[in-house]
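> Give the three-dimensional model of this entry:
(one chain, ligands or ions: 1)
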Amino acid sequence: METRQLTPTLTLFESQLFRTVTTCIHTNDYLLLVDPNWLPDEVEEIAAFVRSKSLHKERFLLFTHSDYDHIIGYRRFPGFTTIASQNFVDNPRAAQQLQQARDWDDEYYIRRKYPLTYPVIHRPIAGEGEKMQLGQDDYLFYQAPGHNYDGLLTFNRSQGILIAGDYLSNIEFPYVYHSFAAYRKTLATLKGLVASGEVRILITGHGDAATDVAEMELRIRESVAYLDQLEEAVRQGTDFDLEALFKRYDFPGIMQKFHAKNEALLRQQL
Ligand SMILES: [Zn+2]
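The predicted structure is shown next:
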């Protein structure tokens, strides 16, 4: 696991699996932990860090969405106030998400000292642009369906930190499990936030954070271009330029499967 302290109040942990990112914002008065994951030793390292930073502070645990890699560490952090979208709470696929986590641990003989359960959410976010104050920091939340059913964008406006969940990765093209139309709408929300000039750090669920606006804009353009190219190929019945895609992205074996799933879903949704 790689640990990177980006600012005095922001630390990122990157799992060795799928480069999945755990975000921790730790100020004088509160701590916010986001999507703690994957392997037991990695989760323990995060827990030790959290312990060192959160004595006598309010502690919050947020889930960007319910994909099993993002909820797998939930029960290691009891006593935290939990935050996620209302859709996360209402998710009709909650049981399947949890089962995927259990199957994954089973497949790799993973032993954890805590059970795997679907997170109970204390503060569900139903609105668009909903506000919340954590400690002295102002937060804004936006619904982010598309990648999956229940994504949530978290914007710490006081510190300019935007936590995007599985959008705007620099190592993955868009993975669309839920809806192409919704995915494009979420990209538009992200574009608006970046265009406001208030985002100083963009954190993605897999890969590197972006700290300059040109890089954030590039990622938005790349996501839109991928969706456009896929849509054109499916509509026209032409071949998608896979060679070009895998010049840009590093893991052609697995990623080809994700691309094929995208294509199959888009055929249904066009
Ligand atoms: Zn993910």
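> Residues in contact with the lowest-mean-pLDDT helix or strand in the chain: which ones?
Least confident helix or strand, the chain: helix 242-248 with a mean of 92, by mean pLDDT, DSSP states H and E. Helix 242-248 has contacts (C-beta atoms under 8 Å, 6 or more residues apart in numbering) with 173, 222, 226, 252, 255, 256, 259. Quick note: C-beta positions are derived from backbone N, CA and C, even for glycine.
> Next SSE downstream of it?
Downstream of helix 242-248, the first helix or strand assigned by DSSP states H and E is helix 252-269.
> average pLDDT for that following helix?
Average pLDDT, helix 252-269: 95.
> Write out the residues of the stretch 151-270 of the chain neighbouring the ion.
166, 205 (C-beta under 5 Å from the ion).
> can you pull out the strands in the stretch 151-270 of the chain?
With strands called from DSSP state E, counting those that start in this stretch, the stretch 151-270 of the chain shows them at 152-156, 161-163, 201-203.
> Save the ones you listed as CSV, and put in mean neighbour count too.
What follows is those, written out as CSV (neighbours: other C-beta atoms under 10 Å):
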stretch, mean neighbour count
strand 152-156, 24
strand 161-163, 25
strand 201-203, 24
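> Let me have these in CSV, extended by distance to residue 187 and mean pLDDT.
Shown next, in CSV, are these (distance: least, C-beta to C-beta, whole Å; pLDDT from 0 to 100):
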stretch, distance to residue 187, mean pLDDT
strand 152-156, 11, 98
strand 161-163, 13, 98
strand 201-203, 13, 98
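> Adding distance to residue 247, write these out as CSV.
CSV is the format used below for these (distance: least, C-beta to C-beta, whole Å):
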stretch, distance to residue 247
strand 152-156, 29
strand 161-163, 28
strand 201-203, 24
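> Got a PyMOL select line for the buried ones in the contacts of helix 242-248?
Command for PyMOL, covering only those of the contacts of helix 242-248 found buried under the criterion 16 or more other C-beta atoms under 10 Å:
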select buried, resi 173+222+226+255+259
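> what's the most distant pair in the contacts of helix 242-248?
222 and 256 (17.8 Å; C-beta to C-beta).
> and stretch 13-29, anywhere near the ion?
No. Residues of stretch 13-29 contacting the ion under C-beta under 5 Å from the ion: none, with a closest distance of 5.9 Å.
> Next, the buried residues of the least confident helix or strand of the chain.
For helix 242-248, by 16+ other C-beta under 10 Å, it's 245, 246.
> try stretch 209-225
209, 210, 216, 219, 220, 222, 223, 224.
> The nearest residue to the second one once chain neighbours are set aside pairs with what?
In this structure, residue 210 finds its nearest non-sequential neighbour in residue 202, 4.4 Å apart by C-beta to C-beta, 6 or more residues apart in numbering. For residue 202, the beta-bridge partners under DSSP bridges are residue 162, residue 210.
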